[in-house]
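1. Just need the structure, nothing else, for what follows:
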Amino acid sequence: MPVEPLSQKEIEDRLAELPGWSLDGGRIARSYRLGSHFAATALVVHIAQTQEELGHHSDLTLGYDTVSLTISTHSAGGAVTEKDFELAHRVEALAPGHGAS
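-> Residues are numbered from 1 along each chain as shown. As a prediction, the model looks like this:
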């Protein structure tokens, strides 16, 4: 079943439910700061596990004590879809357990 791109209004409405997330170059994005490199690495592993569970993967960048994600749906031509917001909500739910802010 094809995934449909969201309208600009739908994206803005959904972003309002996700503090810290923004639209960046046609993709939704967020960076987290953590207490250490080890904590940031653990968050990356947890996000990767979640992406595998959903069958939906983002660009994920590990810095010394930061983790950044940019999410769009490749099968929708790189547009933002409901799948992207499902992943973002899942990441938001697990990030605090790693001490992310």
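2. Show me where this structure has its helices.
-> 8-15, 37-54, 82-94 (DSSP state H).
3. what helices or strands is the longest one leaning on?
-> Looking back up the chat, that one is helix 37-54. strand 59-62, strand 66-71, helix 82-94 (3 or more CB pairs under 8 Å, 6 or more residues apart in numbering; DSSP states H and E). Just so you know, the C-beta spots here come from the backbone N, C-alpha and C atoms, and that holds for glycine as well.
4. Return the most buried member of the helices of the chain.
-> helix 82-94 (a mean of 18; mean count of other CB atoms under 10 Å).
5. which outside residues touch it?
-> The contact list for helix 82-94 (CB atoms under 8 Å, 6 or more residues apart in numbering) reads 3, 6, 14, 18, 21, 27-28, 30, 43, 46-47, 50-51, 54, 56, 58, 69, 71-73.
6. Same question for stretch 50-68.
-> So stretch 50-68 is contacted by 29-37, 39-41, 43-44, 47-48, 69-71, 73, 83-84, 86-87, 90-91, 94, 100 (CB under 8 Å, 6+ apart).
7. now could you export just the CA positions of stretch 33-44 as PDB?
-> C-alpha atoms of stretch 33-44 as PDB (Å, rounded to 0.1, in the frame of the first residue of the first chain):
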ATOM      1  CA  ARG A  33      21.800  16.400  23.800                       C
ATOM      2  CA  LEU A  34      22.900  13.700  26.300                       C
ATOM      3  CA  GLY A  35      25.200  13.500  29.300                       C
ATOM      4  CA  SER A  36      28.000  11.500  27.700                       C
ATOM      5  CA  HIS A  37      29.100   9.900  24.500                       C
ATOM      6  CA  PHE A  38      28.100   6.500  25.900                       C
ATOM      7  CA  ALA A  39      24.600   7.700  26.600                       C
ATOM      8  CA  ALA A  40      24.300   9.200  23.100                       C
ATOM      9  CA  THR A  41      25.500   5.900  21.600                       C
ATOM     10  CA  ALA A  42      23.000   3.900  23.600                       C
ATOM     11  CA  LEU A  43      20.200   6.200  22.300                       C
ATOM     12  CA  VAL A  44      21.400   5.600  18.700                       C
END
